[in-house]
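Colleague: Sequence first, predicted coordinates after that:
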Amino acid sequence: MATKNYKWFFDLAENLLTKDVTNDYTATVKTLLPKTVENLADDIVKETANNRETVISIITLYDKKIIDLVCQGNTVNTGSTLYAPALPGSFVGTSGTVDPAKHKAYVNINPSAAFRKELERVQPVFSGNVLDSGGARIGLVTDSATGRTDGFMTPGNTIDITGTKIRSLNADGSGIGSIKFVNAETEAVAATITSTSINEPKRIILVVPANLAEGTYRLEVETYYSNTSTLLKSPRTLIYTPLYIGEVPNSGGGGEEERPGEL
């Protein structure tokens, strides 16, 4: 059987934690599609004779059982992941007094030995793109109709986008720049936004197109904005993903996805 190899393409971004070092950068991996339980089931069905609904049901039960066992205080070691209960935060003295604001149940999640072995087959490849974010980022997208912040969007209603230096401007400082929704699976531009009700450095409010079909999307905000008196020489594109029209997939309890970024 042929050895399977992988490639991870990455951009470089300035390391903001080492402000005194001017030539220090960190890698930002250019992730592909956000995969869900349904996607996993589809792949398994293609490779086996199992029924899709049965596979989804088993995976869902599997996830629920892991959550239950860890919450009971067990460690769980699967073929890919080790789950271990943890209680972060320091204690004052030896009384063991719990401060509910500081001592919250937590789970350490680490790749298994087999997972780490497979990671050795990943080849990092530099995309050639060096990001210059200048601190600009989209921090959160809230669906105004429901108040949800899990990526759900209501077609025909507004979303409230908050962050830093996100005001969308053209090269001459006019109007709004380019704001669009990109289909995460096809990479096709699904909708281009031509107006906003608020377009400020820390907040953008826009209407989600009513005809946006069910699916997974990436929000891209292109702007020349730098500060109130300065425009960039070339545009930066801020991204936020994943966003959803329709049901928000169950990620299976693997933790929060990394959302904000820049192209």
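Modeller: Structure received. Numbers count the residues shown, from 1 in each chain.
Colleague: Check what contacts the lengthiest helix in the chain and list those residues.
Modeller: Scanning the chain for the helix with the most residues, using DSSP state H, yields helix 52-72. For helix 52-72, contacts defined as CB atoms under 8 Å, 6 or more residues apart in numbering pick out 37-38, 40-42, 44-45, 76, 78, 83-85, 105, 107, 250, 252-253. Using the backbone N, CA and C atoms, a C-beta is placed for each residue, glycine as well.
Colleague: could you redo the last one with a cut-off of 10 Å?
Modeller: Helix 52-72 has contacts (CB atoms under 10 Å, 6 or more residues apart in numbering) with 36-38, 40-46, 48, 50-51, 74-76, 78, 81, 83-85, 105, 107-109, 250-254.
Colleague: next one: phi and psi at the closest residue to residue 196 other than its chain neighbours?
Modeller: Sequence neighbours aside, residue 206 is the residue nearest to residue 196 in space, at 4.6 Å (criterion: CB to CB, 6 or more residues apart in numbering). Per-residue torsions, residue 206: phi -140, psi 160 (degrees, to the nearest 10).
Colleague: Now for residue 206, how many residues are close by?
Modeller: Residue 206 has 22 neighbours, counted by other CB atoms under 10 Å.
Colleague: Could you do residue 211 as well?
Modeller: Residue 211: 9 neighbours (other CB under 10 Å).
Colleague: Please apply the same query to residue 60.
Modeller: Residue 60 has 14 neighbouring residues, counting by other CB under 10 Å.
Colleague: Please apply the same query to the one 4 residues further on.
Modeller: Other residues near residue 64 come to 12 when the count uses other CB under 10 Å.
Colleague: if we can go back for a sec, tell me which residues of the longest helix of the chain come out buried.
Modeller: 55, 56, 59, 63, 66, 70 (16 or more other CB atoms under 10 Å).
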